[in-house]
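Chemist: build the 3D model from these lines:
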Amino acid sequence: MYTHKVTPARRKQLLDGLAAEPDPARKRMVALAVLTDRLREDAMEPTLVGGAAVEFYTAGGYTTKDIDLALTHCPEVDRAFADLGFTKEGRYWYRTDLDLLFEAPAPMALPGETSPRTRVEVEGVEVVVLGIEDLVIDRLRAWVHGQSEEDGRWARRLALLYSDRLDWAYLREKTASVSAEANALADIEKDANP
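Modeler: Numbers count the residues shown, from 1 in each chain. A predicted model of the protein is given here:
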């Protein structure tokens, strides 16, 4: 449960400090923490998804330039980003001075994705990341349906990295209705659990 509140002055200090942050992944996570704290004022909690979630789970083994979020499109979100100095263009919010780009490609409630989320503290703020099982499924589906070999490699790599903690029954249940997905998962599971 979230109890810590970062003051607006501390948010500004954290964002301003990102100009000198040499680690791009850390820069993105601190920016996400600041945004998450600001959005909680409006009772919203974004979830890190997509490539940025892969980057988080692989500790930088995968890199991305943007920060993908599951986040409702509404005036409160636009206001929160504006309060933090971001400019909006379509579904993107950016700060060129900090080389930061947020994208909200998914709604806040992710349909069908029910694995437990990962919660991590960044600069005193609890940040939420898509559950590892749902991220594996996301990459697996991009591989199977989008013919993305790159996503297939990352689905396999995530499964190998987290094989001992993945809920394999959940993964099998979520892919069972599509034989191509079930077959791809079976292949990955065989490698992850020899």
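Chemist: need the longest strand for this protein.
Modeler: Identified as the longest strand of the chain according to DSSP state E is strand 100-106.
Chemist: which strands border whatever helix or strand comes next after it, and is each parallel or antiparallel?
Modeler: As assigned by DSSP states H and E, the chain's next helix or strand after strand 100-106 is strand 118-122. Paired neighbours of strand 118-122 in the sheet (DSSP bridges): strand 125-129 (antiparallel).
Chemist: just after the partner strand, pick out the following helix or strand.
Modeler: helix 132-146.
Chemist: which residues does that next one contact?
Modeler: 49-50, 53-54, 57, 110, 113-115, 118, 130, 148-149, 151-152, 154-155, 158-159, 162, 165-167, 170-171, 174-175, 178, 180-181, 184-185, 188 (C-beta atoms under 8 Å, 6 or more residues apart in numbering). (Each C-beta comes from the backbone N, C-alpha and C, glycine too.)
Chemist: and the very next helix or strand once past it, what does it pack against?
Modeler: Proceeding N to C from helix 132-146, the next assigned helix or strand is helix 149-161, under DSSP H and E. Using 3 or more C-beta pairs under 8 Å, 6 or more residues apart in numbering; DSSP states H and E, the elements in contact with helix 149-161 are helix 50-57, helix 132-146, helix 179-192.
Chemist: counting by contacts, list what the last one packs against.
Modeler: This points to helix 179-192. Looks like helix 179-192 contacts helix 132-146, helix 149-161, helix 168-175 (3+ C-beta pairs under 8 Å, 6+ apart).
Chemist: next, the buried residues of that helix.
Modeler: For helix 179-192, the neighbour count (16 or more other C-beta atoms under 10 Å) marks 181, 182, 184, 185, 188, 189, 192 as buried.
Chemist: name the residues that touch it?
Modeler: Applying C-beta under 8 Å, 6+ apart, the set of residues contacting helix 179-192 is 136-137, 140-141, 143-145, 152, 155-156, 159-160, 163, 166, 168, 171-172, 175-176.
Chemist: which among the residues you listed count as buried?
Modeler: Applying 16+ other C-beta under 10 Å to these flags 136-137, 140-141, 143-144, 152, 155-156, 159, 166, 171, 175 as buried.
Chemist: among these, which one sits closest to residue 30?
Modeler: Comparing the buried ones among the contacts of helix 179-192 against residue 30 with C-beta to C-beta places residue 136 closest, at 26.1 Å.
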